[in-house]
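Student: got a structure for you, letters missing:
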């Protein structure tokens, strides 16, 4: 696959941080192996990274990745091997897998993702069918794909403590639907393996839970490598019970922005970094780059106009935003054709299986790049992330990518711990309901 | 990697057998997963396959594979992922691996294999050093490679119940030396993980043990698919206490050849196959294609001339041949530029990680192709074996390769069972010594 080279990413000098990762590779890999024995990795996940030259950190962790169509097809065997490895642990006997996609059947990009994911699962030796939660789909429906292929989605069917399709009783149910709209009754208390578990859905999940676990992971990893964990970990805080429409909580939000900017500025001074600190305010639950603001001062969140308030108040599926995460902004120093680029790393089981650059031609280095629609242009990595070339030049692409794979796996490990620690949250929600 | 296409292999019609494999892929993969939970796969292995158009079968299983340099480098990430998977089970804490290569330090092809293997292990995050059993190497010795690289081998050192190098105490010891010459005292009763175990070495191992276990595997797999296991399993028998030099046992050998040819002829008649049956006589222990004969009649093993006797009497490291396996010959119908080709499939842990064709320009379709030296010309497969394309044409290369990967894994499973069942053999040898 011929991919344009990123200007700074692949030709700039290798960071001190990346050198440290490469030098400690044996320790890092042994540490990860021991961690995965204690914490089961999620079935899959993708991580948005930011590389500022002085800092390399995850800024978002998606447990329902939606860009498998953007991965380099040369790496498909890595995905297949990872799925086989996951199945061996979860359900060695599995023959049939029910994949539950998002409800939006008209998003061609998303449908291509579903087709790519289904192909990987089929190649791993599974009989795969698609079941939908979309109430508008009441009979098997064939959707056309831009590449000429088709996908057939069918309405889910509940049978006692099992979910399936007519004539199809799956061993494993895989969610590619992030459950932003809530937990559907049809999926509650089923006997089958449900991956990821219901409480990983955005109805329950909170970014601040994730980054609290990431704090612990980054601290342990920092100790392993003898580095300040800040180099891989952005500051963050939570502000809850906001109402963007009535401006309730505005002052508390401004105070948290001030705190995060202050911490960042102090660290920048300590390390002699001359960049201007900024912060990202985003919905604590939810995805798709909605409900996101980039701010440079506490004043930026005071007295938002109607358009800004509307943008922040609601995310996917009309979910209202009342809690936000305020996160230290990590500028990206990677550019492609003068546009800003952000690496997205894909993992299945505990393995890095690919990635791509999210490139945005109309945004600055300190802005959110996960904007909806056609604004971002995916570029598949052309080198696997698992194979640093220890004998080659330290500046070469595989070594840069190794560092990305390490930080992405740190976020994946945080997600494992997050899923473990939030299991009781679902129970408490169910009890209250 | 641009690889010439094999004439018949990749353009001929897909066999009925291969169609059955593809149709039963979900059952096959679930069955393998359950088998690997019961039987630990060897750390690595390579399998020589024969594809006759009507039959696809393993003819040799190597537990000390020596051709990693012949694999398509695009598949290196698959090897790395498989090694990480193996380490997690064997020794998650491993940081240092001692690789013990063969003693022949002047075989440039072999040294390139060692370099490729060491690179894979390093990429998996291991600190790798080479320790040699060669008594001529008494100090660290740097060997030049044709590609300009170097390898440093060092004399092994024993410390109590551990083996290592000065300043290097490995967690795992990996043999790439097949122990044809016997089991070195320095490796006996060590506390470290030794892979594969000592009794997998050719001093103890017998091809007939392997194919006895393969009989069981093929029968179970045949039942799973509802096929006659003969389609994937060659007939074989053992003749022991032979002395090629004094012709002792010649009549017993001829009788066994007659039996195998008779069984094969009967099966050919039953299935309407018009090929002439033949048999392969080879040393029951040993490798490197020495001590191998292709015979078409019992008379072919009576009254061998001196050259033929010498060829059969001794294999690698001067090991005398007293026991042989007589194996049904499986002709190969794969050709490249009018030369005969034989697929060799490489596996690490339970995963197929690559393969190549052994091509021989001066041998016939019914002869042994694993001849020493420059006669065979490796051709890396350009498609991974793990990813059949269910939606594509059944005749396409990935589908052909899927069948190869299945049969190779059947042989790997037989090797797992063989290693389990022969553990006591080493003990009885040690007691007798």
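Tutor: Right, received. Where do you want to start? Since the model is a prediction, treat every value here as computed from it, not as a measurement.
Student: Where do the helices of chain A begin and end?
Tutor: When assigned using DSSP state H, the helices of chain A occupy the ranges A:7-11, A:16-23, A:25-38, A:76-90, A:108-123, A:207-225, A:250-271, A:306-313, A:397-421, A:423-432.
Student: For chain B, find the nearest of those helices.
Tutor: helix A:25-38 (2.6 Å; Cβ to the nearest Cβ). From N, CA and C alone the C-beta is placed, and that goes for glycine too.
Student: Output the contacting helices and strands for that closest one.
Tutor: Under the contact definition 3 or more Cβ pairs under 8 Å, 6 or more residues apart in numbering or on different chains; DSSP states H and E, helix A:25-38 sits against helix A:207-225, helix A:397-421, helix B:76-90.
Student: could I get those as JSON lines with mean pLDDT, mean neighbour count and distance to residue A:112?
Tutor: Converted to JSON lines, those look like this (pLDDT from 0 to 100; neighbours: other Cβ atoms under 10 Å in any protein chain shown; distance: least, Cβ to Cβ, whole Å):
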{"stretch": "helix A:207-225", "mean pLDDT": "97", "mean neighbour count": "20", "distance to residue A:112": "27"}
{"stretch": "helix A:397-421", "mean pLDDT": "89", "mean neighbour count": "23", "distance to residue A:112": "22"}
{"stretch": "helix B:76-90", "mean pLDDT": "91", "mean neighbour count": "23", "distance to residue A:112": "24"}
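Student: Quick check: phi and psi at whichever residue of the stretch 51-200 of chain A sits closest to chain B.
Tutor: Residue nearest to chain B within the stretch 51-200 of chain A: residue A:125 (2.6 Å; Cβ to the nearest Cβ). Per-residue torsions, residue A:125: phi 90, psi 30 (degrees, to the nearest 10).
Student: Make a markdown table out of the helices and strands packed on helix A:25-38 and add distance to residue B:407.
Tutor: As requested, those are exported to a markdown table (distance: least, Cβ to Cβ, whole Å):
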| stretch | distance to residue B:407 |
| --- | --- |
| helix A:207-225 | 43 |
| helix A:397-421 | 33 |
| helix B:76-90 | 18 |
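Student: Ignoring the adjacent residues along the chain, who's closest to residue A:151?
Tutor: Distances taken as Cβ to Cβ, 6 or more residues apart in numbering or on different chains place residue A:143 nearest to residue A:151, at 4.8 Å, with adjacent residues excluded.
Student: circling back to that earlier point, can you tell me how far the residue of the stretch 51-200 of chain A closest to chain B sits from residue A:97?
Tutor: 10 Å (Cβ to Cβ, to the nearest Å).
Student: Equivalent analysis for residue A:314, please.
Tutor: Going from residue A:314 to residue A:97 by Cβ to Cβ gives 33 Å.
Student: what does residue A:51 give?
Tutor: 35 Å.
Student: what residues are up against residue A:255?
Tutor: Residues in contact with residue A:255 (Cβ atoms under 8 Å, 6 or more residues apart in numbering or on different chains) are residue A:298.
Student: what about 10 Å?
Tutor: Residues near residue A:255 by Cβ atoms under 10 Å, 6 or more residues apart in numbering or on different chains: A:237, A:239, A:298, A:301, A:326.
Student: unless I'm mixing things up, residue A:70 is touching residue A:116, no?
Tutor: Yes. Here residue A:70 reaches residue A:116: they are 8.4 Å apart, a contact under Cβ atoms under 10 Å.
Student: When these two are compared, which one has more neighbours?
Tutor: Per other Cβ atoms under 10 Å in any protein chain shown, whichever of residue A:70 and residue A:116 has more neighbours is residue A:70, with 25 against 18.
Student: thinking again about what came up before, now tell me which of the contacts of residue A:255 the prediction trusts least.
Tutor: Lowest in pLDDT among the contacts of residue A:255 is residue A:301, which has 91.
Student: what's around it, how many residues?
Tutor: Applying other Cβ under 10 Å, we find 28 residues neighbouring residue A:301.
Student: try residue A:276
Tutor: 14.
Student: likewise residue A:311?
Tutor: Residues within reach of residue A:311, counting by other Cβ under 10 Å, total 17.
Student: quick one: pLDDT of it?
Tutor: For residue A:311, the model assigns a pLDDT of 79.
Student: does it really touch residue A:245, like I thought?
Tutor: No. With contacts counted by Cβ under 10 Å, residue A:311 stays clear of residue A:245, the gap being 11.8 Å.
Student: which sections of chain A are below the confidence cut-off?
Tutor: For chain A, applying pLDDT under 70 flags the ranges A:1-15, A:287-291, A:315-319, A:335-339, A:360-400, A:429-433.
Student: Can you pull the residues of the stretch 201-350 of chain A lying near chain B?
Tutor: When proximity is defined as Cβ under 10 Å from any Cβ of the partner chain, the stretch 201-350 of chain A approaches chain B at A:349-350.
Student: wait, what's in contact with the residue lying closest to residue A:66 once chain neighbours are set aside?
Tutor: By the measure of Cβ to Cβ, 6+ apart, the closest residue to residue A:66 outside its immediate chain neighbours is residue A:113, 5.0 Å from it. Taking Cβ under 10 Å, 6+ apart as the contact definition, residue A:113 lies against A:65-71, A:101-102, A:107, A:176.
Student: Go again with 8 Å.
Tutor: Contact analysis of residue A:113 by Cβ under 8 Å, 6+ apart lists A:65-70, A:176.
Student: swap in residue A:218?
Tutor: Contacts for residue A:218 were tallied using Cβ under 8 Å, 6+ apart; they are A:229, A:232-233, A:410.
Student: Residue A:58 too?
Tutor: Residue A:58 is in contact with A:47-50, A:214, A:407-408, A:410-411, counting by Cβ under 8 Å, 6+ apart.
Student: now, among the residues you listed, which is nearest to residue A:28?
Tutor: Among those, residue A:410 lies closest to residue A:28 (Cβ to Cβ), at 9.7 Å.
Student: doesn't residue A:219 make contact with that closest one?
Tutor: No. Applying Cβ atoms under 8 Å, one finds residue A:410 not in contact with residue A:219, separated by 10.8 Å.
Student: which residue packs closest to the residue in the stretch 201-350 of chain A that chain B sits nearest to, ignoring adjacent ones?
Tutor: Closest approach between the stretch 201-350 of chain A and chain B, counting by Cβ to the nearest Cβ: residue A:350, at 8.1 Å. In space, and not counting its chain neighbours, residue A:350 is closest to residue A:41: 4.3 Å by Cβ to Cβ, 6+ apart.
Student: In this structure residue A:195 contacts residue A:90, no?
Tutor: Yes. The pair formed by residue A:195 and residue A:90 meets the contact definition of Cβ under 8 Å, at 7.0 Å.
Student: which residues are common contacts for those two?
Tutor: In contact with both residue A:195 and residue A:90: A:43, A:172, using Cβ under 8 Å, 6+ apart.
Student: From residue A:89, how far out is the residue of chain A positioned farthest from its centre?
Tutor: For chain A, the residue at maximal distance from the C-alpha centroid (Cα atoms, centre = their mean) is residue A:167, at 33.9 Å. Per Cβ to Cβ, residue A:167 is found 28 Å from residue A:89.
Student: who's in contact with the residue of the stretch 201-350 of chain A closest to chain B?
Tutor: With Cβ under 8 Å, 6+ apart, residue A:350 has these contacts: A:32, A:36, A:41, A:82, A:85, A:409, A:412.
Student: just residue A:134 next, same as before
Tutor: Contact analysis of residue A:134 by Cβ under 8 Å, 6+ apart lists A:103, A:105, A:153.
Student: Go again with 6 Å.
Tutor: By Cβ atoms under 6 Å, 6 or more residues apart in numbering or on different chains, the contact list for residue A:134 reads residue A:103.
Student: for residue A:92, same thing?
Tutor: Taking Cβ under 6 Å, 6+ apart, one finds B:33-34, B:37 in contact with residue A:92.
Student: what's the domain layout of chain A?
Tutor: Here the domain parsing of chain A from automatic domain parsing is A:1-56+A:206-230+A:330-422, A:73-203, A:235-329.
Student: Okay then, goodbye and thanks.
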